[in-house]
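Asks: generate a structure from the sequence data that follows.
(chains A, B, C and D)
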Number of protein chains: 4
Amino acid sequence: MSAEPAIGRRVWAIAEGYLPEESAREDRAHRSHEAVCLLNTGEVPARVEVWIYFTDREPIGPYRLTVPARRALHQRMDDLRDPVPIPRGTDYASLFVSDVPLVAQHTRLDARPGVHGLLSTVPFGA
Amino acid sequence: MSAEPAIGRRVWAIAEGYLPEESAREDRAHRSHEAVCLLNTGEVPARVEVWIYFTDREPIGPYRLTVPARRALHQRMDDLRDPVPIPRGTDYASLFVSDVPLVAQHTRLDARPGVHGLLSTVPFGA
Amino acid sequence: MSAEPAIGRRVWAIAEGYLPEESAREDRAHRSHEAVCLLNTGEVPARVEVWIYFTDREPIGPYRLTVPARRALHQRMDDLRDPVPIPRGTDYASLFVSDVPLVAQHTRLDARPGVHGLLSTVPFGA
Amino acid sequence: MSAEPAIGRRVWAIAEGYLPEESAREDRAHRSHEAVCLLNTGEVPARVEVWIYFTDREPIGPYRLTVPARRALHQRMDDLRDPVPIPRGTDYASLFVSDVPLVAQHTRLDARPGVHGLLSTVPFGA
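Replies: Sure, this is the predicted structure:
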């Protein structure tokens, strides 16, 4: 095992969020989606609370995730269901608050007909 | 609500800026554009001044934005009008100065005929 | 030579990792792939250990890389073979631990038929 | 003018660099290229030395750039000529050393036939 057991930040904020409504293909892998990848290099599970922010209404949450020790979680944002799904076609932002350090990365596949874009960035960690 | 009420930086700089002149489709969602997303997780509104820098002339501004408490603002750069619109087809850069901490993210949809690209990054925060 | 001989971080974590199974073209340059670029601006070789993390099994590694002094290594992730190749079509994350400071950048060419995306970001450095 | 006159870092490293040999279109705007954008928010010109690193040979440089006060420079990497052009189809990395703080951002348009990708990230600042 690596000598760096628990690296990262406890709080991550993704200011940009958007789930396109349209997709050229509707199978799960190719449908427009966003994901947050959370890497827990430590020896204890990470309990994460997620808050979704909007332009014109109060934030919703917490959604709850667990990232086991020494595991990476690739969480699709369109799979978050409890308390409510994130609406498509709506600008949003997201905040992840963990009880232990994690490393996060944000990705979007934009598969609208005629667009075909892919973006990824490391969000802001606090 | 999250236990992390006001995270981020007060100053954000986006060195890369370009609004392509052409678009394969001219509806608002698919037209080539750039956006800055600003997330205010705090309990007071953020007042933001924006300055636009160029290659060969003095900066223009301030443009003024407000991000309400617990809200995310997805600001399209081609919607900035006062004092003047940002010209298309021109290299520029932008500086955001807020009175409270914010989290920022920069995105561009490049929808020129035959290009179809999407980029996003967290800019430099100071 | 530059007056900044050894910059960067010793530990880099890429939370997002995925090698698409399909590609529209199968020649090496255009096949879907990921790469990590490691820049060693220093005067001694960097010895790097790589660990690959998964969703549902223990991490594997170490893979071992060397980045010579004053050199950049563009390492394709699908070229890592020892101890085992990284499986395609599987979510993963990666951790790079160097004995000297390096600068890292992550890139993916997604060349699935009908997708055509390119992403890049500077990962989390510790 | 903004109250934040000179923000950023003096040293920036872009570990990923590649100028694709092919382009679907050969006009300057649509040809595959990379650019570094340098924003100087300060009141004095920035003098910048650029070093290009390779996989298998010594770095070359310095290339010399000037970013005037309160200006943004969008420097195409394929426009660097002195001491020598950066070869196409070759992995490289780049290091920017300025005498005053700057903000940097890296962008690539990959316009190879059938690829069409766009990437951007804030590089590593030291």
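
Asks: look at the residue of chain A found nearest chain B and report its pLDDT.
Replies: Residue nearest to chain B within chain A: residue A:117 (2.6 Å; Cβ to the nearest Cβ). Where C-beta positions appear, they are placed from N, C-alpha and C, glycine not excepted. For residue A:117, the model assigns a pLDDT of 82.

Asks: what about it, neighbour count?
Replies: Neighbour count for residue A:117, taken as other Cβ atoms under 10 Å in any protein chain shown: 29.

Asks: ok, it - contacts?
Replies: A:108, A:109, A:110, B:109, B:116, B:117, B:118, C:117, D:118 (Cβ atoms under 8 Å, 6 or more residues apart in numbering or on different chains).

Asks: surely the last one touches residue C:116?
Replies: Pointing back at residue D:118 there. No: using Cβ atoms under 8 Å, residue D:118 is not in contact with residue C:116, being 10.6 Å away.

Asks: so these two - more neighbours on which side?
Replies: residue D:118 (24 against 21).

Asks: next secondary structure element downstream of the helix or strand encompassing that one?
Replies: If you go by DSSP states H and E, residue D:118 is part of strand D:117-121. Beyond strand D:117-121 on the C-terminal side, the first helix or strand identified by DSSP H and E is strand D:124-125.

Asks: in chain A, which spans are strands?
Replies: A:9-17, A:33-40, A:46-54, A:60-67, A:71-76, A:92-110, A:117-121, A:124-125 (DSSP state E).

Asks: which strands and helices sit next to the second one?
Replies: So the one you mean is strand A:33-40. Here strand A:33-40 touches strand A:9-17, strand A:46-54, strand A:60-67, strand A:71-76, strand A:92-110, strand C:9-17, strand C:92-110, going by 3 or more Cβ pairs under 8 Å, 6 or more residues apart in numbering or on different chains; DSSP states H and E.

Asks: partner strands of the third one and their direction?
Replies: Yep, that's strand A:60-67 we're talking about. Strand pairing for strand A:60-67, using DSSP bridges, gives strand A:46-54 (antiparallel).

Asks: and the shortest one, by the same measure?
Replies: In the sheet containing strand A:71-76, the strands it pairs with under DSSP bridges are strand A:33-40 (antiparallel).

Asks: again, but for the first one
Replies: Here strand A:9-17 is paired, per DSSP bridges, with strand A:92-110 (antiparallel), strand A:124-125 (antiparallel).

Asks: which of the contacts of residue A:117 sits closest to residue D:45?
Replies: Distance to residue D:45, by Cβ to Cβ, is smallest for residue D:118 among the contacts of residue A:117, at 30.3 Å.

Asks: please tell me how far the closest residue to the closest one other than its chain neighbours sits from residue B:14.
Replies: Leaving aside its chain neighbours, residue D:118 sits nearest to residue B:117 (2.6 Å; criterion: Cβ to Cβ, 6 or more residues apart in numbering or on different chains). For residue B:117, the distance to residue B:14 (Cβ to Cβ, to the nearest Å) stands at 17 Å.

Asks: returning to what we had before: so the residue nearest to residue D:118 bridges to which residues?
Replies: Beta-bridge pairing for residue B:117 (DSSP bridges): residue B:110.

Asks: returning to that earlier point: comparing the strands of chain A, which gets the lowest mean pLDDT score?
Replies: strand A:117-121 (a mean of 87).

Asks: got the contact list for residue A:58?
Replies: residue B:70.

Asks: what pLDDT does it get?
Replies: On the pLDDT scale, residue A:58 gets 97.
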